[in-house]
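Chemist: here is the input, now give the coordinates:
(2 chains)
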Protein chains: 2
Amino acid sequence: MNTELLEKLRSRLGGKGFLAAGDAGPRYESDMSGNNPLSPLAVLRPGSTEEVSFILGACHASGQPVVVQGGLTGLCGGGTPLRDEISLSLERLSGIEEIDPQSMTMTVLSGTPLEKVQEAAAQAGFRFPLDLGARGSCTIGGNISTNAGGNEVIRYGMARALVLGLEAVLPDGTVISSMNKMLKNNAGFDLKQLFIGTEGTLGVVTRAVLRLFPAPLTRSTAMCVATDLGKVIGLLQFLQERLGAGLSAFEVMWPDYVEFITGHVPAIRPPDRRPGALLVLIENEGSQPGSDTVRFESVLADAMNGDVIEDAIVAKSEKEMEDFWRLRDGIGDVRNHILNAAHFDISVPVSSMQALVSGLHDALQVFPDMYRLTFGHLGDGNLHLVAGTGRAADQGAIFDTVYARVGAMRGSVSAEHGIGMVKRKYLHHSRSEAEIELMRRLKQTLDPRGILNPGRVIP
Amino acid sequence: MNTELLEKLRSRLGGKGFLAAGDAGPRYESDMSGNNPLSPLAVLRPGSTEEVSFILGACHASGQPVVVQGGLTGLCGGGTPLRDEISLSLERLSGIEEIDPQSMTMTVLSGTPLEKVQEAAAQAGFRFPLDLGARGSCTIGGNISTNAGGNEVIRYGMARALVLGLEAVLPDGTVISSMNKMLKNNAGFDLKQLFIGTEGTLGVVTRAVLRLFPAPLTRSTAMCVATDLGKVIGLLQFLQERLGAGLSAFEVMWPDYVEFITGHVPAIRPPDRRPGALLVLIENEGSQPGSDTVRFESVLADAMNGDVIEDAIVAKSEKEMEDFWRLRDGIGDVRNHILNAAHFDISVPVSSMQALVSGLHDALQVFPDMYRLTFGHLGDGNLHLVAGTGRAADQGAIFDTVYARVGAMRGSVSAEHGIGMVKRKYLHHSRSEAEIELMRRLKQTLDPRGILNPGRVIP
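Modeler: Numbers count the residues shown, from 1 in each chain, chains lettered A, B, ... in the order given. Prediction:
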């Protein structure tokens, strides 16, 4: 342990900013993956960009490895300390600096929880459309660093599409401030791209300018029933044409998912449907309170009359809307029933989705006692799959089986959750050796001493 | 001249692929900026990615500088050869490889003209929404390399938002193939970002996967009349709320623009308006043929009744729609009347637009005989300004005056056209020394011998 460095950091950061290993508690020992929790040498909680710069400059000079921590809701072990690492937590770098209504932007510190960002946008009459289950705990800096997705990607894009500018500190302490507020800026390289989705390996995001959108004036929700995946894909195309950019959610649930959730959570009931049917939760955001509902219902009636779907149940109240979403979010209620399961967050082109799902379902049959939950953001080509036998020993083989198929179909082993520690060994299924080597060259250029989130992402 | 290298390239590329300096003709001597045309040592026209890789590998080994050329419609001199450069033209690397209707993607070679891409999308029942005046000549590879904007950025984003995957050749000849077809892919760094908007300084784009959209079923166009810029900004916010994502164009023309265009092109007549009023050309794309027009007119009626605008003229025919656009595109018809003018493509946050425009108009009054044309994609914060006195000697001072003000407002000296050669000396108004130094480090990492588009972008 480098006591001289720790003393230097303690004296600069003070009591709020420096927690010795024994004082920090278990919060900083792992992200939500829960794998191999470990106490960091110390927890640094800077209160300003200058303090982040001081910390990284000092650690760079000493060759001291640093793990960056936001809300610690990551699922890939990226925020879990490795041996001899110091934790750099952004939790005190929190708050909203400005909302500019004419430019429709918000300037925030990176440790601000996503939900605070959403609420501040709403209070100003706008919408910040990034949304995911961890909204109360995850931070906007973590969302940016992992290029988070969520439920409305089909309309608004991932975090990358919602960031206009940012400030980041390089591993050597250099502050790169690119706090752009414009939709268009082609003055040289767009450096912010280096820090979005690179999981904190190239720099620490400290502030950002976010894009806001007008709050939608109407929201319509329906649960559609389709006989097979081919029909579901037909429905996606039908709605993209007929609802245009209004389509803001397209969440598919396979029968295995619906039966597992409703079988284990008595409070969640599915809508009536033919056994074996797929359910599709759709939403439309509109701007015409007088007529949007009628339009939405008429588009769904056309889908039924055209034999695209079997049935569609339009939510008639907030309660019904919540019930529909409760089924989709029910995956969060069954964690105790899926111990030792393998969780997948994969994507393939929509045109390969049928082949992927049927291939995976077939391939997984070799495991006795296998249970599966199949669901996902199909409009984005993103499939979530939970598969397990209850036996920890089977987990590795299930991972290998699924990722090999995803790789063979030129898909992604991580559509939205990132790579972190736990998916590094599968990265080669989605990226070529030339691509991985270029990632290494970038890492070497920006972090020549390898102190920032070392060992993450790049195999 | 390196005759051994040229001979090696000639023997690999053959008669179609290798044009000696004397055989190439003036086409390759400059882009549309027209500054300092120069004949390259030779013109290389590879027909495959492998040939691009061979060329760059050989030039890297020999330290031979290369200028990359697409449709040569750039406005910043990036494609104009410098002394002792070989030209690498992508014009033979042209064609559409695949359209995947379910995934809504198109795979293209980078030398394909934008208009061919648009037409192929339309034939397949889709829309590729990037559009700009040079559509017939510019290539998709050039659009990607410069992160092109255009008329529909407000709805669909710039080129960056429309590229799902790409293949690029690094300056040392390494092929990086990231031909992703998914909306979501967080498997490691998103390497394609290195090649979008970096103007061919970090690699040569050879292929791309583009995102397609459903063809809109309706289009409504109107010319709005507003008394001042404050009202125009109010109209933008009103329409963003009431038309939602349907708003696909918001083009503002100041009185100086309208008077200059209609004064010099008798065939173009403006709609009736109060003298001094601003005109705003707006479009809405919709998916409900039965009711979109009624909705559009009712939103505009509300804008008039709410005193947001003075008047709105809705196009009742294709002819009227074309007339409205003809006024906006009239800038292309007056090139002979604006010789020696300074052309600006700048952006500031929308909230700074009023201060920028009035400040610029005031500052430019010091030049005698000054004429101005003020117009732009206001929804994106993007202002085009043409200003001149007719005297070439005043051009430099006009540039300095305008860019200094843009810099003081944290704006961009290049919203969409890029930096190339001609704007390098103004880059510091929009980027800090730390940012420019990071650009240099990236350039050094990917192009250590500095052979690819040397001297462009980075001062």
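Chemist: how far away is the residue nearest to A:Ser103 when sequence neighbours are not counted from A:Asp100?
Modeler: Taking CB to CB, 6 or more residues apart in numbering or on different chains as the measure, A:Ser103 lies nearest to B:Pro349, with 4.0 Å between them; neighbours along the chain are not counted. In short, each C-beta sits where N, CA and C put it, glycine included. B:Pro349 sits at a distance of 6 Å from A:Asp100 (criterion: CB to CB, to the nearest Å).
Chemist: same thing with A:Thr227?
Modeler: Taking CB to CB as the measure, A:Thr227 and A:Asp100 are separated by 49 Å.
Chemist: on that earlier part again, more neighbours: which of B:Pro349 and A:Asp100?
Modeler: A direct count of neighbours by other CB atoms under 10 Å in any protein chain shown for B:Pro349 and A:Asp100 places B:Pro349 higher, at 22 against 17.
Chemist: which residues in the stretch 201-350 of chain A form helices?
Modeler: If DSSP state H, counting those that start in this stretch is used as the criterion, the helices of the stretch 201-350 of chain A fall at A:229-242, A:255-264, A:292-305, A:318-329.
Chemist: actually the stretch 51-200 of chain A, not the one I typed
Modeler: Assigned helices in the stretch 51-200 of chain A, in chain order: A:114-123, A:140-145, A:153-156, A:159-162 (criterion: DSSP H, counting those that start in this stretch).
Chemist: just how off-centre is stretch A:379-395 within its chain?
Modeler: With CA atoms, centre = their mean, to the nearest Å as the basis, the distance from the averaged C-alpha position of stretch A:379-395 to the chain average is 17 Å.
Chemist: same question for stretch A:15-30.
Modeler: Relative to the centre of its chain, stretch A:15-30 is centred 26 Å away, using CA atoms, centre = their mean.
Chemist: got the end-to-end distance for that stretch?
Modeler: When the termini of stretch A:15-30 are compared using CA to CA, to the nearest Å, they are 23 Å apart.
Chemist: in it, what counts as buried?
Modeler: By neighbour count, and taking 16 or more other CB atoms under 10 Å in any protein chain shown as the criterion, the buried residues in stretch A:15-30 are A:Gly17, A:Phe18, A:Leu19, A:Ala24, A:Tyr28, A:Glu29, A:Ser30.
Chemist: taking those one by one, which sit in strands?
Modeler: Secondary structure from DSSP state E places A:Phe18, A:Leu19 of those in strands.
Chemist: chain B: which of the buried residues of stretch A:15-30 is nearest?
Modeler: Proximity of the buried residues of stretch A:15-30 to chain B (CB to the nearest CB) peaks at A:Ser30, which lies at 20.5 Å.
Chemist: surely the closest one and A:Asn36 touch.
Modeler: Yes: between A:Ser30 and A:Asn36 a contact is recorded at 7.3 Å, counting by CB atoms under 8 Å.
Chemist: tell me which element the spatially closest residue to A:Ala21 that is not a sequence neighbour falls in.
Modeler: Spatial nearest neighbour of A:Ala21, chain neighbours left out: A:Ser39 (5.4 Å); criterion: CB to CB, 6+ apart. When elements are defined using DSSP states H and E, A:Ser39 is found to belong to no helix and no strand.
Chemist: report the contact partners of A:Ser39.
Modeler: Contacts were defined as CB atoms under 8 Å, 6 or more residues apart in numbering or on different chains; by that measure A:Ser39 touches A:Ala21, A:Ala24, A:Tyr28, A:Glu29, A:Pro81.
Chemist: hmm, try it at 10 Å
Modeler: If a contact means CB atoms under 10 Å, 6 or more residues apart in numbering or on different chains, then A:Ser39 has A:Ala21, A:Gly22, A:Ala24, A:Gly25, A:Pro26, A:Tyr28, A:Glu29, A:Ser30, A:Pro81, A:Glu85, A:Ser87 as its contacts.
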